[in-house]
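Enquirer: Structural data only, the sequence is not supplied:
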Ligand SMILES: NC(=O)C1=CN([C@@H]2O[C@H](COP(=O)(O)OP(=O)(O)OC[C@H]3O[C@@H](n4cnc5c(N)ncnc54)[C@H](OP(=O)(O)O)[C@@H]3O)[C@@H](O)[C@H]2O)C=CC1
Ligand SMILES: C[C@H](O)[C@@H]1OC(=O)[C@H](O)[C@@H]1O
């Protein structure tokens, strides 16, 4: 009588950066929860591998080889989806990257690449999906931030700034779009083993430094992230708005 549905049956989700890592895991997890999934990245072979897993879960996959820093690519994706009458119920802004330079060494090109990939693309996709969700009576937007947007890490000031901006953008979009039945939330992961972090986590000393500030004394498994991502995309989160859910093994509460 009180338990809402965690199912994504009958929904269509768009996940950026779904060719590898966290985006691939979320896309497949959404398919396992019943959603059709639109997946975006620059590498078609990666997308086809993710699409295979989505189809094995029994739902439809739509692949778009695109660069999320190129607005015309994003416009073309939504034009194609409109033409095919594919309604986006859930958007996951996941695509992201990092160049871990010290502040005094950050080049203008690095600034632009990190900002455009991590932040601007999320805003562009949110605008495109948000205007359609407003017309359709609602939807769910989940953007992948990071603990780096909440506490200071040694992994680069520009990356951290994009992730902090995502946390605030989430609040402002929730403020504007809540009235349209759109839930806008963010997930802030701590370390998860993906191609982005593989080299870092292979360094024993670095890994020990991570575990020393992680109450659960382990890095995240991708399945640890898919549950919260499904929750925020489902009816179970219909009254959750503007929030950032840190999925971090307790790292952000670590004191002394
Ligand atoms: N792994 C971790 O520990 C953490 C990750 N995060 C965040 O999670 C998100 C995913 O990270 P993770 O899975 O580790 O990263 P990966 O590098 O493993 O995967 C990133 C995905 O994004 C795609 N991508 C990158 N740039 C672009 C672009 N310009 N256009 C289209 N697609 C792009 C990549 O595909 P391709 O290069 O082929 O385009 C790839 O599919 C990022 O936002 C990251 O900041 C946050 C905290 C911790
Ligand atoms: C936890 C951070 O987001 C982590 O730091 C990095 O250098 C990687 O880019 C991960 O995203």
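Expert: Structure received. On a predicted model such as this, the values are computed, not experimentally measured, just so you know. Numbers count the residues shown, from 1 in each chain. Ligands and ions are numbered 1, 2, ... in the order given.
Enquirer: neighbours of the closest residue to residue 36 other than its chain neighbours, just the number please.
Expert: Computed as CB to CB, 6 or more residues apart in numbering, the closest residue to residue 36 that is not its neighbour in sequence is residue 60, at 4.1 Å. Quick note: C-beta positions are derived from backbone N, CA and C, even for glycine. Residue neighbour count, defined by other CB atoms under 10 Å, stands at 14 for residue 60.
Enquirer: for residue 187, same thing?
Expert: If you count neighbours by other CB under 10 Å, residue 187 ends up with 26.
Enquirer: which phi and psi does it have?
Expert: When read as degrees, to the nearest 10, the backbone of residue 187 gives phi -120, psi 130.
Enquirer: didn't residue 67 look like it was pressed against residue 76?
Expert: No - using CB atoms under 8 Å, residue 67 is not in contact with residue 76; the gap is 11.0 Å.
Enquirer: and the helix or strand residue 169 falls within, anywhere near ligand 1?
Expert: Element membership for residue 169, per DSSP states H and E: helix 157-177. No - counting by CB under 6 Å from any ligand atom, ligand 1 has no neighbours in helix 157-177; the shortest distance is 6.8 Å.
Enquirer: Residues contacting that helix, please?
Expert: Identification of contacts with helix 157-177 by CB atoms under 8 Å, 6 or more residues apart in numbering yields 93, 96, 98-101, 103, 106, 110-111, 114-115, 118-119, 122-123, 126, 130, 133-134, 141, 143-146, 148-150, 152-153, 182-186, 188, 241-244.
Enquirer: and that helix, how far out from the chain's middle?
Expert: Computed by CA atoms, centre = their mean, to the nearest Å, the separation of helix 157-177 from the middle of its chain amounts to 13 Å.
Enquirer: That one: which residues count as buried?
Expert: Using 16 or more other CB atoms under 10 Å as the test for burial, helix 157-177 gives 157-167, 169-171, 173-174, 177.
Enquirer: Equivalent analysis for stretch 205-217, please.
Expert: Within stretch 205-217, the residues that count as buried by 16+ other CB under 10 Å are 210, 211, 213, 214.
Enquirer: Let me have those in JSON lines, extended by pLDDT, secondary structure and distance to ligand 2.
Expert: Shown next, in JSON lines, are those (pLDDT from 0 to 100; DSSP: H, G, I helix; E, B strand; the rest coil; distance: CB to the nearest ligand atom, whole Å):
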{"residue": "210", "pLDDT": "98", "secondary structure": "helix", "distance to ligand 2": "9"}
{"residue": "211", "pLDDT": "98", "secondary structure": "helix", "distance to ligand 2": "14"}
{"residue": "213", "pLDDT": "98", "secondary structure": "coil", "distance to ligand 2": "11"}
{"residue": "214", "pLDDT": "98", "secondary structure": "coil", "distance to ligand 2": "11"}
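Enquirer: Of those residues, which pair is most distant in space?
Expert: The span of those, defined through CB to CB, is set by 211 and 213 at 7.7 Å.
Enquirer: any idea where the helices of the protein begin and end?
Expert: For the chain, helices defined by DSSP state H occupy the ranges 21-32, 44-56, 71-83, 108-115, 121-136, 157-177, 198-202, 204-212, 222-233.
Enquirer: got the residues of this structure near ligand 2?
Expert: 98, 100, 146, 147, 148, 155, 159, 190, 191, 196, 197.
Enquirer: Narrow the residues you listed to those that are buried.
Expert: By neighbour count, with 16+ other CB under 10 Å, the residues of the chain next to ligand 2 hold 98, 146, 147, 148, 155, 159, 190, 191, 196, 197 as buried.
Enquirer: Select from these every entry located in strands.
Expert: Among these, no residue falls in strands (DSSP state E).
Enquirer: okay, who's weakest in these by pLDDT?
Expert: Across these, the bottom pLDDT score, 92, is held by residue 196.
Enquirer: Can you report how many residues lie near the nearest residue to it once chain neighbours are set aside?
Expert: In this structure, residue 196 finds its nearest non-sequential neighbour in residue 21, 6.1 Å apart by CB to CB, 6+ apart. Around residue 21 there are 21 other residues, counting by other CB under 10 Å.
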